[in-house]
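*Asks:* Just the structure for this:
(2 chains)
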Protein chains: 2
Amino acid sequence: MSERLVVIGADAAGMSAASQARRRRGPEDLSIVAFERGRHTSYAACGIPYFIGGLIKPVERLVARSPEVFARSFAIDVHLRHQVEHIDLHRRTVLARDLDTGTEVVEPFDQLMVATGATPRRPPLPGADATGIFGVQTLDDAIALAQFMEAQSPTRAVIVGGGYIGLEMAEALLMRGLDVSLVDSGQEPMATLDPDMGSMVADALRDKGVTLHMTERAEGFTTRNGRVSAVAVAGEELPADLVILGLGVRPASGLAEAAGIATGPTGGIVVDRRMRTSADGVWSAGDCVENFHLVSRGPVALALGTHANKQGRVAGINLGGGYATFPGVLGTAISKICSVEVARTGLTEAQAGQAGFSHLAISVDSTTRAGYYPDTAPIRVKLVAERRTGVLLGAQIVGEEGAGKRIDVLACALASSMTVEELSGLDLSYAPPFAPVWDPVLIAARKAAEAVDSGGG
Amino acid sequence: MSERLVVIGADAAGMSAASQARRRRGPEDLSIVAFERGRHTSYAACGIPYFIGGLIKPVERLVARSPEVFARSFAIDVHLRHQVEHIDLHRRTVLARDLDTGTEVVEPFDQLMVATGATPRRPPLPGADATGIFGVQTLDDAIALAQFMEAQSPTRAVIVGGGYIGLEMAEALLMRGLDVSLVDSGQEPMATLDPDMGSMVADALRDKGVTLHMTERAEGFTTRNGRVSAVAVAGEELPADLVILGLGVRPASGLAEAAGIATGPTGGIVVDRRMRTSADGVWSAGDCVENFHLVSRGPVALALGTHANKQGRVAGINLGGGYATFPGVLGTAISKICSVEVARTGLTEAQAGQAGFSHLAISVDSTTRAGYYPDTAPIRVKLVAERRTGVLLGAQIVGEEGAGKRIDVLACALASSMTVEELSGLDLSYAPPFAPVWDPVLIAARKAAEAVDSGGG
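*Replies:* Alright, predicted model coming up:
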């Protein structure tokens, strides 16, 4: 008998699931309808800073698949600008509202895919709705920002929040010739790094001309004729004709929670390794779910496009009748800010402490290529390991060209619960254009193993 | 009571061992004497092609530590141009000959470190000793080649042997403006890759202007006044005023073998994980030893600077009274030939068959960065996995900038005996400047896991 799949949210997670389900079940077996609040499907949100910076144009290059492609090649019916307002698990229907006409539609489902993504944190501050203040979460946000920049030619930008998106936007706006200031409540930018590594990022930002206002918070926005003109910070007014909010996101799980679907301590929807929620026939994936952290073995909320794609695929295979699992996350992340590459995986020192580990940490400075090879660049590798066992708990890298992607070796080692001693024995590749004869990862592992061996660190 | 350590061979393995031993035992406890046949200590042989290509100068930049540094900072007495001719295990002495004066010296030892390296294969062909025919194994070789190029300005080079060194020398000579031909007996260059991957390297070489003579062998050298003028290949004469021999090396284990120290089926000196030979108080490391291959679980000869450094360090720690082990090798290797990056680890299809595995192989073509990001480059990843278990057996990568170093993730996965399914679930880093949302390694792992699952491949 034919089944009906309804997908809420037609971006990475939702449409990966829909496509995979379609591959395994034809239209006669499974009808698929998707509701999307925005104007676009399946786009690369992570590409937004590069679109704003002018590296990528037109904006359509960020769209992997349009609704037309989904209709034509996948027989998937996407309704754009439709917000789902209610899930009725008993009647097995969703209620969606057309954001342009106000019309409501009730859609029945047998299987439901919840891919509602994340909600950006916005400060509840006076003036926060003024023209010139932008989030950069969705492609619609990005297009609005690009149009504003085109029409208004802003010259002074303040970025509120020094996470990945904030810093990538700082680079983008520098490339566009703006004066850029950054306001962040932490000691150093990049709260997902330990401060000693974050301070290297801060130095790099200052080098590139970004003015940092650390350990400070935006307290309000001064507006003039409805447009932002300054950001209030510690009693000071930072002039700004453009403000970017990069304060992070939280799982958009309210709709599911209201329907009685379980959410966890992080606020994300609880899923098992096959991406099943607590409700029968209801699946979830992407920024709205709670993840299992493979090192802390606890729940974590992490909004990353790569997880959304993988989890969506897993959900789609399973609801298409196959078998696939998503094993969990390590919090691996990488970013390029001007010439600086920043990467991390697993637990920081602070996170290791919170997770109850007795840990030690070591850092080494080396080069990305042989010391004598042209264009060799600095790299610092920091490792966190459990004190007695030497099991690797986390890693952070800050460096220049060629530094960042080395984090993947450490992610692989974490996934295998390798000790730093085992890590130090890995047969990693060496040739002068690629590494010193001792790869920086191996030097760091060796030092960490020595520290474990001596009981110190 | 004070002991005497004699080191035979003062390059990477020997001097790593000597330095580590010295760190743990002062000169009053351990005297250290090293004999070196050449004129240099502890140099980066892997850097030779870049010195010849003109990227690195002067040649001294390739020397990590000179004999003066060893004498001054380590109290290690290095005798250059001294060839050890005999080891007497009973009397515990070595006999060394001064290559310049012919004088012989007998040196007693308590501990002996054998780091005799490898011997390049030279074809037993007419004319092989002519001027203009060079190996590029030692720094002395490189200096002689550089002097020849300076004095004679050769314009047509033939490279005999298409392994890493041969191809890196092809790039170097192209950079110096020479016409370059390559003669190799295989179907494709890079015999350490499967032919389907090697053919990509062949295409790249042809693109750069190298003339390939595949499935052919050098049959002799035509000389004129003692200088090479052509290479005979399949009845044809390839004009050449410079010939580079890159036919590989074999372990230089003859001296040890003559003394009664055990060698294995590969011809290398047999060592345990602490780098102890079969003879009490005799250690060995580097190109002269036989390695344990972690995937095939059999012996293998592999001449690589990175192993020499690591093994030398392990030997030195142990003979200094500490504890360290060298776990074995995966045959990981990487090379850059003009813009093409080539890397491999573990077993090729052919090697997997030889090792008795029933295997499958898949290849995927992807890009090094997000498809929409500037300077994204092609990458092909090939994986070999055991047919029933899905355990990863090996990997090969050919691509452009940013492709090659991804091999390290696969080396880490091999060291953990990961399945391709587990590999496909790794939390690898993603941001548009570094990878597509599905890293090529993950796409390949996914396809391989699907092939394992379907029993095919």
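*Asks:* so where is chain A shaky, pLDDT-wise?
*Replies:* Chain A contains residues with pLDDT under 70 at A:1, A:456-457.
*Asks:* so who does the nearest residue to residue A:329 once chain neighbours are set aside touch?
*Replies:* Once flanking residues are discounted, residue A:329 sits nearest to residue A:291: 4.6 Å by Cβ to Cβ, 6 or more residues apart in numbering or on different chains. Using the backbone N, CA and C atoms, a C-beta is placed for each residue, glycine as well. By Cβ atoms under 8 Å, 6 or more residues apart in numbering or on different chains, residue A:291 lies in contact with A:268, A:299, A:300, A:301, A:302, A:307, A:328, A:329.
*Asks:* taking those residues one by one, which sit in strands?
*Replies:* Secondary structure from DSSP state E places A:299, A:300 of the contacts of residue A:291 in strands.
*Asks:* Which one (most neighbours) among the contacts of residue A:291?
*Replies:* Within these, most neighbours by other Cβ atoms under 10 Å in any protein chain shown means residue A:268, with 26 neighbours.
*Asks:* Which residue comes closest to residue A:98 once chain neighbours are left out?
*Replies:* residue A:82 (5.7 Å).
*Asks:* Ok, residue A:17 next?
*Replies:* residue A:316 (3.7 Å).
*Asks:* Provide the secondary structure category for the residue in the stretch 1-150 of chain A positioned nearest to chain B.
*Replies:* Closest contact between the stretch 1-150 of chain A and chain B, by Cβ to the nearest Cβ, is at residue A:61 (4.3 Å). The three-state assignment at residue A:61 reads helix, by DSSP: H, G, I helix; E, B strand; the rest coil.
*Asks:* gap between the residue most central in space within chain A and residue A:137?
*Replies:* Note on chain A: the residue nearest the mean C-alpha position is residue A:304, at 3.1 Å, using Cα atoms, centre = their mean. According to Cβ to Cβ, to the nearest Å, residue A:304 and residue A:137 sit 13 Å apart.
*Asks:* Could you pick out the residues of the stretch 151-300 of chain A near chain B for me?
*Replies:* A:164, A:294 (Cβ under 8 Å from any Cβ of the partner chain).
*Asks:* the strands in the stretch 151-300 of chain A, which residues?
*Replies:* For the stretch 151-300 of chain A, the strands defined by DSSP state E, counting those that start in this stretch cover A:156-160, A:179-184, A:211-214, A:218-224, A:227-233, A:236-239, A:242-245, A:249-251, A:282-284, A:291-292, A:299-300.
*Asks:* Next, the distance between the ends of stretch A:282-302.
*Replies:* This stretch, stretch A:282-302, spans 21 Å end to end (Cα to Cα, to the nearest Å).
*Asks:* got the buried residues for that stretch?
*Replies:* Using 16 or more other Cβ atoms under 10 Å in any protein chain shown as the test for burial, stretch A:282-302 gives A:282-296, A:298-302.
*Asks:* now swap in stretch A:78-97 and tell me
*Replies:* Neighbour-count burial for stretch A:78-97 [16+ other Cβ under 10 Å]: A:78-80, A:82-84, A:87, A:89, A:92-94, A:96-97.
*Asks:* Pull the most distant pair out of the residues you listed.
*Replies:* A:80 and A:89 (25.2 Å; Cβ to Cβ).
*Asks:* and residue A:206, how many neighbours does it have?
*Replies:* Per other Cβ under 10 Å, the neighbour tally for residue A:206 reads 12.
*Asks:* How many residues are close by the residue found closest to it once you drop the neighbours it is linked to in the chain?
*Replies:* Distances taken as Cβ to Cβ, 6+ apart put residue A:212 closest to residue A:206, at 6.3 Å, once the chain neighbours are dropped. Applying other Cβ under 10 Å, we find 19 residues neighbouring residue A:212.
*Asks:* go on, the one 5 residues further on?
*Replies:* The local packing count at residue A:217 equals 16, with neighbours defined by other Cβ under 10 Å.
*Asks:* Over to it: give its phi and psi.
*Replies:* phi -130, psi 150 (degrees, to the nearest 10).
*Asks:* Is it in contact with residue A:183, as I believe?
*Replies:* Yes: if you go by Cβ atoms under 8 Å, residue A:217 and residue A:183 touch, sitting 7.0 Å apart.
*Asks:* joint contacts of those two?
*Replies:* residue A:233.
*Asks:* how about residue A:244, what does it touch?
*Replies:* Residue A:244 is in contact with A:134, A:135, A:136, A:145, A:157, A:158, A:159, A:160, A:166, A:169, A:173, counting by Cβ under 8 Å, 6+ apart.
*Asks:* That one and residue B:347, how far apart?
*Replies:* 50 Å.
*Asks:* again, but for residue A:25
*Replies:* Taken as Cβ to Cβ, the span from residue A:25 to residue B:347 is 38 Å.
*Asks:* Between those two, point out the one with more neighbours.
*Replies:* Neighbour totals were compared for residue A:25 and residue B:347, and residue B:347 leads with 25 against 20 (other Cβ under 10 Å).
*Asks:* returning to what we had before: between the strands of the stretch 151-300 of chain A, which gets nearest to residue A:48?
*Replies:* Taking Cβ to Cβ, strand A:242-245 is the member of the strands of the stretch 151-300 of chain A nearest to residue A:48, at 10.7 Å.
*Asks:* about what we covered before: show me what contacts the residue nearest to residue A:206?
*Replies:* A:181, A:182, A:184, A:189, A:202, A:205, A:206.
*Asks:* Perfect, that will be all.
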